[in-house]
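Novice: after the sequence you'll find the predicted model.
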Amino acid sequence: MSLIYEPEYRVLIQCLKDYRVQSNITQQELASHLGFSQSYVCKYEQSQKRLDFLEVRNICMALGISLTEFVTDYEERLRLGGF
C-alpha cells in the first residue's frame, strides 16, 4: 500500500482540512492564494495527491498558521490516536 494512505498521512491531511474549515476559507480561496486551481486542494484533501514539506509549509502560511503550531497540533493528534 502506498504511503499516501498511511494513517499518519491521513492525520496530516485532516489537520490541514480542519484548519482550512475553521478559518472559513473555501478550497477555491485557498487554491487561489497558493496560485493553483481548486482541484489542487481537492486532490490533496482526498489523499489523491501527496504533499511535500514545502507545500505543507505554504498551506500553513496561507491559512495564517505557523508551521510550529501546525506540527504541534499534528503530533498531539498522532499521540492521541496511539501512533
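Specialist: That came in fine, so what should we check first?
Novice: how close does the one residue sitting closest to the centre of the chain sit to residue 36?
Specialist: Central residue of the chain (CA atoms, centre = their mean): residue 16, 2.8 Å from the mean position. The span separating residue 16 from residue 36 equals 14 Å under the rule CB to CB, to the nearest Å. C-betas here are computed from N, CA, C, even on glycine.
Novice: next: residue 49.
Specialist: Taking CB to CB, one finds residue 49 at 10 Å from residue 36.
Novice: again, but for residue 20
Specialist: For residue 20, the distance to residue 36 (CB to CB) stands at 14 Å.
Novice: please identify which helix or strand holds the residue lying closest to residue 83 once chain neighbours are set aside.
Specialist: Of all residues beyond its chain neighbours, the one nearest residue 83 is residue 8 (5.9 Å), with distances taken as CB to CB, 6 or more residues apart in numbering. Taking DSSP states H and E as the definition, one finds residue 8 inside helix 7-22.
Novice: quick check: buried residues in that helix?
Specialist: Buried residues in helix 7-22, counted by 16 or more other CB atoms under 10 Å: 11, 12, 13, 15, 16, 19, 20.
Novice: can I get the residues you listed in JSON lines including pLDDT and distance to residue 73?
Specialist: Below are the buried residues of helix 7-22 laid out as JSON lines (pLDDT from 0 to 100; distance: CB to CB, whole Å):
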{"residue": "11", "pLDDT": "95", "distance to residue 73": "10"}
{"residue": "12", "pLDDT": "96", "distance to residue 73": "10"}
{"residue": "13", "pLDDT": "96", "distance to residue 73": "13"}
{"residue": "15", "pLDDT": "97", "distance to residue 73": "6"}
{"residue": "16", "pLDDT": "98", "distance to residue 73": "10"}
{"residue": "19", "pLDDT": "98", "distance to residue 73": "8"}
{"residue": "20", "pLDDT": "98", "distance to residue 73": "13"}
